[in-house]
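Asks: Model the structure of this input:
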Amino acid sequence: MKNSFEKYYRMQYAMMAISLIFGILSLWRDVYHFLLLLAFYALALSFIFEGIGYYVRNQPAILFNHLIRAMLIVVFATYIFITF
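Replies: Here you go, the predicted structure:
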């Protein structure tokens with residue numbers, strides 16, 4: 001029987017892989033700056049999915065820690081993308 005939090009961890013790994021792919025593509029081709037922004041958004045989503053996995057395991061303090069990390073990544077990545 002699978003645990004209920006495993007699907008969130010699978011989503012976390014998928015978002016990390018997407019973030020890695022977008023990051024490599026944006027470094028490979030300098031004209032695709034929006035891919036770097038999407039890489040940071042996917043990284044933030046991976047933190048959110050990991051936090052939800054901890055919340056399902058009855059550890060809500062870690063969820064809030066990961067939510068704050070994800071919000072900081074989204075805010076700073078968007079700010080840097082807009083200003084540069």
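Asks: Which parts of the protein are helices?
Replies: Secondary structure of the chain by DSSP state H: the helices cover 6-28, 33-56, 60-83.
Asks: Including mean pLDDT and mean neighbour count, could these go into TSV?
Replies: Glycine gets a C-beta too; all of them are placed from N, C-alpha and C. Shown next, in TSV, are the helices of the chain (pLDDT from 0 to 100; neighbours: other CB atoms under 10 Å):
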stretch	mean pLDDT	mean neighbour count
helix 6-28	94	15
helix 33-56	95	20
helix 60-83	96	14
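Asks: can you pull the contacts of D30?
Replies: If you count contacts by CB atoms under 8 Å, 6 or more residues apart in numbering, D30 has none.
Asks: Could you measure from it over to I24?
Replies: According to CB to CB, to the nearest Å, D30 stands 13 Å off from I24.
Asks: next one: L35
Replies: 9 Å.
Asks: now Y8, nearest residue through space, not along the chain?
Replies: Once flanking residues are discounted, Y8 sits nearest to G53: 3.8 Å by CB to CB, 6 or more residues apart in numbering.
Asks: my read: that neighbour touches R10, true?
Replies: No. Judged on CB atoms under 8 Å, G53 makes no contact with R10 at a distance of 9.6 Å.
Asks: So the residue nearest to Y8 versus F81, what's the distance?
Replies: In terms of CB to CB, G53 sits 28 Å off from F81.
Asks: again with A14
Replies: Taking CB to CB, one finds A14 at 23 Å from F81.
Asks: what's the answer for I62, then?
Replies: 28 Å.
Asks: ok, now which ones touch Y32?
Replies: Y32 neighbours (CB under 8 Å, 6+ apart): 25-26.
Asks: Can you give me the distance of it to Q59?
Replies: Relative to Q59, and taking CB to CB, Y32 is found at 37 Å.
Asks: if I pick the residue nearest to S4 when sequence neighbours are not counted, what's in contact with it?
Replies: Of all residues not flanking S4 in the chain, V56 sits nearest, at 5.4 Å (CB to CB, 6+ apart). Residues counted as contacts of V56 (CB under 8 Å, 6+ apart) are 4-5, 8.
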